[in-house]
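*Asks:* below are the sequence and a predicted model for it; my questions follow.
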Amino acid sequence: MRLKTYQASTIQEAMQLIREQLGPDAIIVATHDDAAGRGVRVTAAIEESDTGVEAMSLGVMDSVYEALKRHETAPELLEKLVNIASKLNETDPVLSLAAALNDTFKFAPLPNHAPSAPLVFIGPPGVGKTVCVAKLAARARLAGHEAHLISTDTIRAGALDQLNVYADRLGLTLATTAQGDSLDKLVQAAPSDTLVLIDTPAVNPYDPDGINALIRQINIIECETILVMNAGYNSSEGIDIARGLQKLKPARLFVTGLDFVRRLGGVLALSNTCDLPFCDVSRSPAIADGLHPVNPVSLARLLMPQTDQNNSRGDRAESTRTV
């Protein structure tokens, strides 16, 4: 049996969608009024004897649906994730949601050691790029690897002082373009087999001159650009900001502010709409703590209310997953 959920303005519209997509043999198994006043949600089922796989229970699907709704997930994305999860023979909501996330999103955690190119961190004002750079350097050092910090932020008052304090605490040297050295020269001076992390000035996504200036600065090196975004942006704002920074060619999405944000629907919409893989998240202001790589299971655990059983099963699944 395959379960599918439909969101519509009225029960009549939902029934029409069910007849069109599942046919006249579909069975209505549940109806709910949307608490936010956005119509109704109808769950229908249809026998699929040739698949050899039973769909998960209605209770598990409802758990996934309610969790995503609490995060104010966009309706189309919510329906897609629930419908993917409903086809699985899985009785654990966290693992069901993780499978749907794995099918929908991309995941590319940042390395602790030297990648093939320096990592350049970009983003709008106030998202915590400098702290992210320091946290990644701390994580590399704790894992026994070397890191090299570079800053091109000569605009924001105190920006170099802040990163220099972090560098001193980590026993690292901070290189900067403030003395007139080009970014290319600073990167070439970094020791071999070192994780090179480059902090940049905050950029207004609606300021073409500022964006072009940053493009000219970082285009002289081979690098990978990481977009840092705060989890508190709503879907529309986050997507608009990311699109405004597309010329900088971000390759991964680093999410900050999870220690004070409780709704992640905007983050899901941003990653899905802009096709940006999740890499890491920051859940604490502490430099030596709160930085976590993202994979489907860890993201599902952020989205789902946790029980002891879910935590245990999620831990086991996460420990065996290759990311």
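*Replies:* Thanks, I have it.
*Asks:* how about the closest residue to residue 193 other than its chain neighbours, what does it touch?
*Replies:* Ranked by C-beta to C-beta, 6 or more residues apart in numbering and with sequence neighbours excluded, the top spatial neighbour of residue 193 is residue 114, at 5.1 Å. Using the backbone N, CA and C atoms, a C-beta is placed for each residue, glycine as well. Going by C-beta atoms under 8 Å, 6 or more residues apart in numbering, residue 114 touches 145-146, 192-196.
*Asks:* per-residue confidence for residue 114?
*Replies:* On pLDDT, residue 114 comes in at 79.
*Asks:* do residue 150 as well
*Replies:* 92.
*Asks:* how near is it to residue 21?
*Replies:* From residue 150 across to residue 21, the span is 53 Å (C-beta to C-beta, to the nearest Å).
*Asks:* more neighbours: which of these two?
*Replies:* Neighbours per residue (other C-beta atoms under 10 Å) separate residue 150 from residue 21, with residue 150 holding more: 25 against 12.
*Asks:* sorry, back to before: can you flag the buried ones in the contacts of residue 114?
*Replies:* When neighbours are counted using 16 or more other C-beta atoms under 10 Å, the contacts of residue 114 contain these buried positions: 145-146, 194-196.
*Asks:* what is the subsequent helix or strand relative to the one helix or strand residue 212 maps to?
*Replies:* Element membership of residue 212, judged by DSSP states H and E, is helix 208-218. Tracing the chain past helix 208-218, the next element assigned as helix or strand by DSSP H and E is strand 224-230.
*Asks:* OK, contacts around residue 287?
*Replies:* Going by C-beta under 8 Å, 6+ apart, the list of residues near residue 287 reads 131, 134-135, 138, 166, 169-170.
*Asks:* kindly reformat the residues you listed as a markdown table containing neighbour count, pLDDT and distance to residue 121.
*Replies:* Below are those laid out as a markdown table (neighbours: other C-beta atoms under 10 Å; pLDDT from 0 to 100; distance: C-beta to C-beta, whole Å):
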| residue | neighbour count | pLDDT | distance to residue 121 |
| --- | --- | --- | --- |
| 131 | 22 | 89 | 10 |
| 134 | 26 | 90 | 11 |
| 135 | 25 | 91 | 11 |
| 138 | 20 | 89 | 15 |
| 166 | 20 | 82 | 13 |
| 169 | 13 | 83 | 19 |
| 170 | 19 | 84 | 16 |
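*Asks:* residue 214: which of the residues you listed is nearest?
*Replies:* Minimum distance to residue 214 across the contacts of residue 287 is 19.3 Å, recorded for residue 131 (C-beta to C-beta).
*Asks:* my guess is that closest one meets residue 286, correct?
*Replies:* No. Counting by C-beta atoms under 8 Å, residue 286 is not a contact partner of residue 131; they are 9.5 Å apart.
*Asks:* anything in contact with each of the two?
*Replies:* Contact with both residue 131 and residue 286 is made by no residue, according to C-beta under 8 Å, 6+ apart.
*Asks:* mind showing which ranges of the stretch 151-300 of the chain have poor pLDDT?
*Replies:* Scanning the stretch 151-300 of the chain for pLDDT under 70 picks out the ranges 156-159, 179-180.
*Asks:* would you map the strands across the stretch 51-200 of the chain?
*Replies:* 119-122, 147-151, 174-176, 195-199 (DSSP state E, counting those that start in this stretch).
*Asks:* export these to a markdown table and append columns for distance to residue 83.
*Replies:* Shown next, in a markdown table, are the strands of the stretch 51-200 of the chain (distance: least, C-beta to C-beta, whole Å):
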| stretch | distance to residue 83 |
| --- | --- |
| strand 119-122 | 35 |
| strand 147-151 | 43 |
| strand 174-176 | 49 |
| strand 195-199 | 40 |
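*Asks:* how far does stretch 58-73 sit from the chain's center?
*Replies:* 19 Å (C-alpha atoms, centre = their mean, to the nearest Å).
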